[in-house]
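Peer 1: Sequence and predicted structure below; questions after.
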Amino acid sequence: MTTVNYNLVPPQGSLPSLNPRMIGLNAELSTVALPVEAGKKIKLYLAGEGIDQVPGANIAVNSPYFTVDPSSLSREQLGTSFPVVSIEVTAAANAPFGDYSIKLQSTSGETAFFPGALTIDPGVSLSVSNPIDDQRLLYCAALCRSDRTRT
């Protein structure tokens, strides 16, 4: 039997060494959720202290509708005072609308998140000119209403 220990919380009195600050697309960093289109691959930029200590295999999105290509991890130079890396992420064609978080785990075992960093917006891939005309949105709204009335 092998025992595995992970230090998920830094020792008391020390500062976290993994501090995600910004995310981005197209070599531009931001602090707001990034729009992702279902069925598309993006080059995702992650920035912050200790971000360069996260292996590609330890970057994940909190949904089975997303895949992260660990072999695409690359260090980037974007003129920030903290490290920046990029990695390719693909959203499945059937990924539902909503917000998704990114989980990071450094080589030391420290874990951090970019909560709600990726968003699939229902209006991005509409074939109608007005989102209210999309039957998928009406169906989703009806489900949400029925869930609220069951309580």
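Peer 2: Looks like it arrived, so ask away. Numbering: from 1, shown residues only.
Peer 1: show me where pLDDT drops low in the chain?
Peer 2: 1-16, 123-151 (pLDDT under 70).
Peer 1: beta partners for the nearest residue to residue 41 once chain neighbours are set aside?
Peer 2: Setting aside the residues directly before and after it, residue 41 is nearest to residue 90 in space (C-beta to C-beta, 6 or more residues apart in numbering), at 4.4 Å. In this view, the C-beta of every residue, glycine as well, is placed from N, C-alpha and C. Beta-bridge pairing of residue 90, defined through DSSP bridges, involves residue 41, residue 67.
Peer 1: measure residue 90 to residue 17 for me?
Peer 2: Counting by C-beta to C-beta, to the nearest Å, the gap from residue 90 to residue 17 is 29 Å.
Peer 1: how does the chain divide into domains?
Peer 2: Partitioning the chain according to automatic domain parsing yields domains covering residues 1-120, 123-151.
Peer 1: And the helices in the protein?
Peer 2: Secondary structure of the chain by DSSP state H: the helices cover 135-149.
Peer 1: distance of the residue most central in space within it from residue 51?
Peer 2: To find the centre residue of the chain, average its C-alpha atoms and take the closest one (C-alpha atoms, centre = their mean): that gives residue 102, at 3.4 Å. In this structure, residue 102 lies at 11 Å from residue 51, with C-beta to C-beta as the measure.
Peer 1: And residue 31, by the same measure?
Peer 2: In this view, residue 31 and residue 51 are 15 Å apart by C-beta to C-beta.
Peer 1: Right, I'll leave it there.
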